[in-house]
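*Asks:* got a structure for you, letters missing:
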């Protein structure tokens, strides 16, 4: 069990650029979640996958955000035309089974939009 | 919608002191309740959970009891250690709320500092 891995750890970009983050969940976990966390706040749910199917998206996930999980393994989160308000820590988590099961979180990708 | 309210930090205690971190919630359905902890430089980890009223979750000397009548899930520990210094998040899942988002709702977190 190597844990949930997220890359990169830090990303600095200019406003208007596109960025992509990657999450590698624990290998046997069928559920994968993306959260966003800003300073002084708790994580906010963005979206989740069960295997390769994206089952739910929060209203926080604007049209500029897209997430994929091809083949039900790793996942990518892309933000197009970044805005300064997108600056945050993006967290990935995975689990086996339903929502009441333990979530395993990665260390996150810190995005700074200049 | 669902929400979680935690006491604001930082909370600073001396080693071996008694700890209480308050957490109250608002939910439309029958939520499960969680405490997650984030140690410096690490990802969030599940500390304990309770899935129905009057259940008590416990782990590593920490306890929390699901109180439906007061909509609370306060975290307690009888004797804290320096290694307990971390940020603690209260959270709920309310899959029956009909709100659509099948994810955890977190509080803002409470930063706990234990001094030797």
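*Replies:* Cool, the structure landed. These numbers were taken from a predicted model, which means no experiment stands behind them.
*Asks:* how about low-confidence regions in the chain?
*Replies:* No chain specified, so I'll use chain A. A:1, A:98-100 (pLDDT under 70).
*Asks:* actually, chain B is the one I wanted.
*Replies:* B:95-102.
*Asks:* strands of that one, residue ranges please.
*Replies:* Secondary structure of chain B by DSSP state E: the strands cover B:3-6, B:11-14, B:19-21, B:23-26, B:32-38, B:45-50, B:56-59, B:62-65, B:75-77, B:86-93, B:105-106, B:110-115.
*Asks:* show me where chain A has its strands.
*Replies:* A:5-7, A:10-13, A:19-24, A:31-37, A:44-50, A:53-57, A:65-68, A:75-79, A:88-95, A:104-105, A:109-113.
*Asks:* I'd like those strands as TSV, with mean neighbour count and distance to chain B appended.
*Replies:* (Glycine included, C-beta is placed from N, CA and C.) Below are the strands of chain A laid out as TSV (neighbours: other Cβ atoms under 10 Å in any protein chain shown; distance: least, Cβ to the nearest Cβ, whole Å):
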stretch	mean neighbour count	distance to chain B
strand A:5-7	17	9
strand A:10-13	14	13
strand A:19-24	18	11
strand A:31-37	24	6
strand A:44-50	22	3
strand A:53-57	14	5
strand A:65-68	16	13
strand A:75-79	19	14
strand A:88-95	23	7
strand A:104-105	22	4
strand A:109-113	18	12
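*Asks:* now do the contacts for the residue nearest to the spatial centre of chain A.
*Replies:* Most central in chain A under Cα atoms, centre = their mean is residue A:34, positioned 3.3 Å from the mean C-alpha point. Each residue near residue A:34 by Cβ atoms under 8 Å, 6 or more residues apart in numbering or on different chains is listed here: A:23, A:46, A:47, A:48, A:67, A:75, A:77, A:90, A:91, A:92.
*Asks:* cutoff 10 Å now
*Replies:* For residue A:34, the contacting residues are A:21, A:23, A:43-49, A:54, A:57-58, A:61, A:65, A:67, A:69, A:75-77, A:90-93, B:103, by Cβ atoms under 10 Å, 6 or more residues apart in numbering or on different chains.
*Asks:* again with residue B:42
*Replies:* A:3, A:105, A:107, B:86.
*Asks:* go through the strands of chain A and name the closest to residue B:76.
*Replies:* strand A:104-105 (23.7 Å; Cβ to Cβ).
*Asks:* who does that closest one pair up with?
*Replies:* According to DSSP bridges, strand A:104-105 has the following sheet partners: strand A:88-95 (antiparallel).
*Asks:* next, the angle strand A:75-79 makes with the partner strand.
*Replies:* In terms of direction (axes from the mean of the first three to the mean of the last three Cα atoms, to 10 degrees), strand A:88-95 departs from strand A:75-79 by 160 degrees.
*Asks:* tell me the contacts of residue B:87?
*Replies:* Contacts for residue B:87 (Cβ under 10 Å, 6+ apart) come out as A:42, B:9-10, B:36-40, B:44, B:108-112.
*Asks:* kindly recompute the last result at 8 Å.
*Replies:* So residue B:87 contacts B:9, B:37, B:38, B:109, B:110, B:111, B:112 (Cβ under 8 Å, 6+ apart).
*Asks:* give the buried residues for stretch B:80-99.
*Replies:* Buried positions in stretch B:80-99, judged by neighbour count with 16 or more other Cβ atoms under 10 Å in any protein chain shown: B:80, B:84-95, B:97, B:99.
*Asks:* returning to what we had before: which residues does the residue nearest to the centre of chain A bridge with?
*Replies:* residue A:47, residue A:92.
*Asks:* from residue B:49, how far off is it?
*Replies:* 21 Å (Cβ to Cβ, to the nearest Å).
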